[in-house]
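In: Here is my input, please return the structure:
(one chain, ligands or ions: 1)
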Amino acid sequence: MDNNKINILKCVIRSLGIESARTIEEKIDLQYSYLRHLKERLNNNVLFLKLIILNALVSYQLSTTGENWWREFSEYPWEDISGSILEEYVGFLSNSKGNRRFLEGKIKRIYRLKSLLNTLSFEKFKNYYNNMETFRNSIAKILNTKGSSKTVVFTVKIFGYGGRMVFNKFIPYPYSVEIPKDSRIEKYSTKFTKGDVLKFWNEVARNSGVPPLHIDSLLWPALGNWEKVKKPLKSLDTDIYQKVKMLIELV
Ligand SMILES: Nc1nc2[nH]c(O)nc2c(=O)[nH]1
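Out: Residues are numbered from 1 along each chain as shown. Now for the predicted structure:
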């Protein structure tokens, strides 16, 4: 593999740092703005966090883009629900436009979360936000899956977004939570490594001082639709724009 290209990658990510990742998360990633609108509309922090966790856990094999899926989710009238969150969520999922594949498995997954969901309070969420590795472990255990699996680490990413809004505090993601290996990240990674993608990004993270989930934020929106992202990014911050452009053009 091209070590020169890998060194440039690490160098650009290091110079962007966690703060630029945070800027992209909060100002460019549409998933973040959909969550913020939902939080404001709902006015119920515990319900908000429970719902976004459920939605993240079934965010795989979508029938649309991740961005459209989170828009559909955030526009549902969750403020009107009166009965069980799980039943309501399953109703939403079963009739959704953007998430139609493998429904049976996804619904089973939702019900697996029942016992955990019932124990989640504002205080418990606060503890989980202060220790996102423990949150990752609880989710992986209840789903009987690896802590590095795409949906588990992606759920930590979304929970981190929601926690930031609810607790009004930015806590960087831990290095121990890996990058969500979805199709965008996987395709990009093949230009740098033929080996284990997660190991590769763990190494880049340690080397650049940017945790894997924040590296995901630097790349994921731009890898989805660069043409759409570049204008708002350029007008937001030309330095970040130039550096993200370098990351995109590196492959
Ligand atoms: N790596 C990522 N995969 C995702 N899928 C999805 O729906 N959102 C994301 C994301 O933010 N990162």
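
In: From here on, just use CA atoms for contacts and neighbour counts.
Out: OK.

In: got the residue ranges for the strands in the stretch 1-150 of the chain?
Out: With DSSP state E, counting those that start in this stretch, there are no strands along the stretch 1-150 of the chain.

In: Just the closest residue of the stretch 101-250 of the chain to the ligand, please.
Out: residue 180 (4.2 Å; Cα to the nearest ligand atom).

In: Contact partners for that residue?
Out: 148, 149, 150, 151, 153, 154, 213, 216 (Cα atoms under 8 Å, 6 or more residues apart in numbering).

In: Residue 88: which of these is nearest?
Out: The nearest member of the contacts of residue 180 to residue 88, counting by Cα to Cα, is residue 151 at 21.0 Å.

In: That closest one: helix or strand, and which one exactly?
Out: Taking DSSP states H and E as the criterion, residue 151 maps to helix 150-167.

In: Give the other helices and strands that that helix contacts.
Out: helix 30-42, helix 45-57, helix 122-130, helix 132-143 (3 or more Cα pairs under 8 Å, 6 or more residues apart in numbering; DSSP states H and E).

In: follow-up on the earlier one: are any of the contacts of residue 180 buried, and if so which?
Out: 148, 150, 151, 153, 154, 213, 216 (16 or more other Cα atoms under 10 Å).

In: how about CSV for those, with distance to residue 175 and pLDDT added?
Out: Listed next are the buried ones among the contacts of residue 180 as CSV, based on distance: Cα to Cα, whole Å; pLDDT from 0 to 100:
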residue, distance to residue 175, pLDDT
148, 12, 98
150, 16, 98
151, 17, 97
153, 12, 98
154, 14, 98
213, 8, 98
216, 12, 98
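
In: Is residue 74 in contact with residue 32, as I believe?
Out: No: applying Cα atoms under 8 Å, one finds residue 74 not in contact with residue 32, separated by 10.5 Å.
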